[in-house]
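Participant: need coordinates for the following:
(2 chains)
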Amino acid sequence: MITQTKQAAGVDRDALVVRMYRQMMAIRLFEERVNDLYTRALMPGLAHLYIGEEAVAVGVCEALTRSDYITSTHRGHGHCLAKGAAPDRMFAELLGKKAGYCKGKGGSMHIADPATGNLGANAIVGGGAGIATGAAFSAKYLGTKQVSVCFFGEGALGQGILYEEMNLAQLWKLPVIYACENNLYNEYTHCSESTAGDMLARATAFGIAAEAVDGQDVRAVHAAASAFVERARAGEGPGFLLLNTYRYRGHHVGDIAREYYRQKQEEQFWTSERDPITLHGQWLIAQGTVDQAGLDSITSEIASEMDRAVEFAVNAPYPDVSEVGEDVYA
Amino acid sequence: MPEAAVQVRELTFGEAIREALAEEMRRDSRIVLLGEDVAEAGTTFKVLKGLVDEFGTSRVIDTPISEPGFTGLGVGAAMTGLRPIVDIMFGDFLTLVMDQVVNQAAKVHYMSGGAWKVPMVVRATMGATRRSAAQHSQSLHAWPSHVPGLKVVIPSTPYDAKGLMKTAIRDDNPVVFFEDKISYTKVKGPVPEGDYTIPFGVADIKRQGRDITLVGTSSMVQVALGAAAMLEEIGISAEVVDPRTTWPLDEKTLIESAKKTSRAIVIDEGSFRYGVTGEIASVIAEGAFFDLDGPVRRIGATHVPIPFSPPLEDATVPTERQVFEMARTMCNK
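Facilitator: This next block holds a predicted model:
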């Protein structure tokens, strides 16, 4: 009996670690296509790529259920996909098409989807803090057992709203996780030039349980997130995850000449030594869960799915101009 | 069986607002009140006094002094199944919550292509002459009126306040509801017991007249009525129109009244420049141009930070005398 349970748990575990690889690869290949669409001038506006940070979104979102809530950021494609968004409707939104998640009205920085608990990506740094904390307030008030995750970059540590929300969350023991993605750069400025003191201490000062995690290790992220989610669901209050990661690309696609704020050697170190997908793939092979051919077939499967999604979005119609005044009021 | 007659009592403006909140909270358990000292203290103006006794501290919730914090939390709570009412003790503190109200609450529905809604009420006070100086006296209702996605309510009477508050709470959009501080205890009027609502975007003619239209908002409706009484004594018949909501705005009633009287003055307690008077005057000027005897005139607060010293402060707020004199000149009397 015990053996069977262990075997079942092992199967679940295998499915989870393979799914996490698949999800990370999906984000990587999605973002590569965003880069391509943008540089080919097919995508209007701005594109902030999540490449390099995939383990954060996937590790955290795999610890959530579909009905749990997230808020996302201007660098949000990874969170939305990890929470279950469909690539075709994502691409459609990025291109301003009617078939997009927001009917083309939100764009890259505002993907939102009630069906997957996505309260919306936010283009105000720290802008999701109130919304995520409020969703946790609702969950507690209504007794739904949902948990809310607020994703934000370390740049948001400079915003006062974050601390007001953390104070309320801890006072009222709200089921919210503050997931701080420390990719080292506030736009074009290293965080050491913007952030005084210890980042974790900003949460522990409120009495919030806080932990620093290797954000390139999807299993470590998942384990830490799962523990905080479990605590929050049990009514023990908020958590704060400091996820140390790296933004491979520029602040946005157009940020190509980066030498004035960071060195190529630094980028090379992270991409060659600390890539979350490579590291997890190697682990899966070493564990004997999947072989290289298995990983390759996952990649090619996702690549064709993404190509189909891009095709869908490119061919999808723009909204009719008459729709400009719709959805201002409910 | 004849229906039982609805009891109509005299209530103050503040009592009418409290009654609306209490009745709505009895009707819908998703409504929560959040703000600084809203529970046992019943707010610094005592408007919410007693609500915590009936609804408890899980629904009438004292927050830290953290306006962006509890307003932002309100936005998220509204998106996920609750109908929060947040209390901005002094309307001046709206400056602190502008990102939550303007960039978040007002835009969530549109940016998400209609996927998410924010059924939330932001209550804020307004009005000078309480000797509270420049950071506790402003009337900032023009600001949210400028933002697509928000609705803005600015009632002048207890009857309107109750009916409009119920509409605000039942609306699926973020509504900013302005309450004049002086009116809380000073303005009394008939209010029916029980349920009734007043739709947004429907102006109310507070007094019928033939010679000139006085458009007033909030406490300036009383000023307009006072001026109308003075004008009557010299044979000028003034019509007083209260838009009741600055957005949606009942353009039709404003224009029709001005067409009928051929003259209009707009009186509002917000700062004169780039404010509500400018918008309403332009609506009337465009809609009633060929029926007007002259330009639409405006009276607003003097364009200065509100001073403390009583004679200085009083000099910034529109008065009955000012309205009377302007109207008399316009009517050539």
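Participant: residues contacting the spatially most central residue of chain A?
Facilitator: Centroid-nearest residue in chain A: A:His79, 2.7 Å away (criterion: Cα atoms, centre = their mean). When contacts are counted by Cβ atoms under 8 Å, 6 or more residues apart in numbering or on different chains, A:His79 touches A:50, A:57, A:61, A:70, A:72-73, A:118, A:121, A:151. All C-beta spots, glycine's among them, are computed from the backbone N, C-alpha and C.
Participant: buried only: go through the residues you listed for me.
Facilitator: Burial by neighbour count, 16 or more other Cβ atoms under 10 Å in any protein chain shown: within the contacts of A:His79 this picks out A:50, A:57, A:61, A:70, A:72-73, A:118, A:121, A:151.
Participant: in helices, which of those residues fall?
Facilitator: A:57, A:61 (DSSP state H).
Participant: hmm, back to that, report whether the residue nearest to the centre of chain A is found in a helix, as I expect.
Facilitator: Yes - with DSSP: H, G, I helix; E, B strand; the rest coil as the criterion, A:His79 is part of a helix.
Participant: grab the nearest non-local neighbour of it.
Facilitator: A:Ser72 (4.0 Å; Cβ to Cβ, 6 or more residues apart in numbering or on different chains).
Participant: so who does that neighbour touch?
Facilitator: Counting by Cβ under 8 Å, 6+ apart, A:Ser72 makes contact with A:79-80, A:111, A:118, A:120-122, A:128, A:151.
Participant: that one and A:Leu241, how far apart?
Facilitator: A:Ser72 sits 15 Å away from A:Leu241, going by Cβ to Cβ, to the nearest Å.
Participant: B:Gly270 too?
Facilitator: 45 Å.
Participant: and if you look at B:Ser218?
Facilitator: Relative to A:Leu241, and taking Cβ to Cβ, B:Ser218 is found at 47 Å.
Participant: please apply the same query to B:Ile205.
Facilitator: For B:Ile205, the distance to A:Leu241 - Cβ to Cβ - is 59 Å.
Participant: and if you look at B:Gln100?
Facilitator: Distance from B:Gln100 to A:Leu241, by Cβ to Cβ: 24 Å.
Participant: tell me which of those two has more neighbours.
Facilitator: B:Gln100 (31 against 27; other Cβ atoms under 10 Å in any protein chain shown).
Participant: wait, the more buried one sits on B:Thr71?
Facilitator: Yes - in this structure B:Gln100 lies within contact range of B:Thr71 using Cβ atoms under 8 Å: 4.3 Å.
Participant: so what sits against both of those two?
Facilitator: A:Gly130.
Participant: tell me where the chain is predicted with low confidence.
Facilitator: Since you didn't name a chain, this refers to chain A. The model of chain A has pLDDT under 70 over residues A:1-6.
Participant: to clarify, I was referring to chain B.
Facilitator: Within chain B, the segments meeting pLDDT under 70 span B:1-4.
Participant: where do the helices of it begin and end?
Facilitator: Under DSSP H, chain B gives helices at B:13-27, B:51-55, B:67-79, B:98, B:106-111, B:142-145, B:158-170, B:183-186, B:220-233, B:251-261, B:276-288, B:310-314, B:320-330.
Participant: nearest to B:Gln7, out of these?
Facilitator: Nearest to B:Gln7 among those is helix B:13-27; the distance by Cβ to Cβ comes to 12.0 Å.
Participant: tell me which residues of that closest one are tucked away?
Facilitator: Quick answer for helix B:13-27 (16+ other Cβ under 10 Å): B:13-21, B:23-25.
Participant: out of those, flag the one nearest to chain A.
Facilitator: Comparing the buried residues of helix B:13-27 against chain A with Cβ to the nearest Cβ places B:Met25 closest, at 13.5 Å.
Participant: how about that closest one, nearest residue that isn't a chain neighbour?
Facilitator: Per Cβ to Cβ, 6+ apart, closest to B:Met25 is B:Ile31, 5.0 Å.
Participant: any idea what that neighbour is bridged to?
Facilitator: For B:Ile31, the beta-bridge partners under DSSP bridges are B:Arg83.
Participant: quick one: contacts for it?
Facilitator: Contacts of B:Ile31 by Cβ under 8 Å, 6+ apart are B:24-25, B:59, B:82-85, B:169.
Participant: phi, psi of residue 43?
Facilitator: If you meant another chain, say so; for now it's chain A. phi -110, psi 120 (degrees, to the nearest 10).
Participant: so where does the closest residue to it other than its chain neighbours fall, helix or strand?
Facilitator: In this structure, A:Met43 finds its nearest non-sequential neighbour in A:Leu37, 4.3 Å apart by Cβ to Cβ, 6+ apart. A:Leu37 is part of helix A:2-39 when elements are defined by DSSP states H and E.
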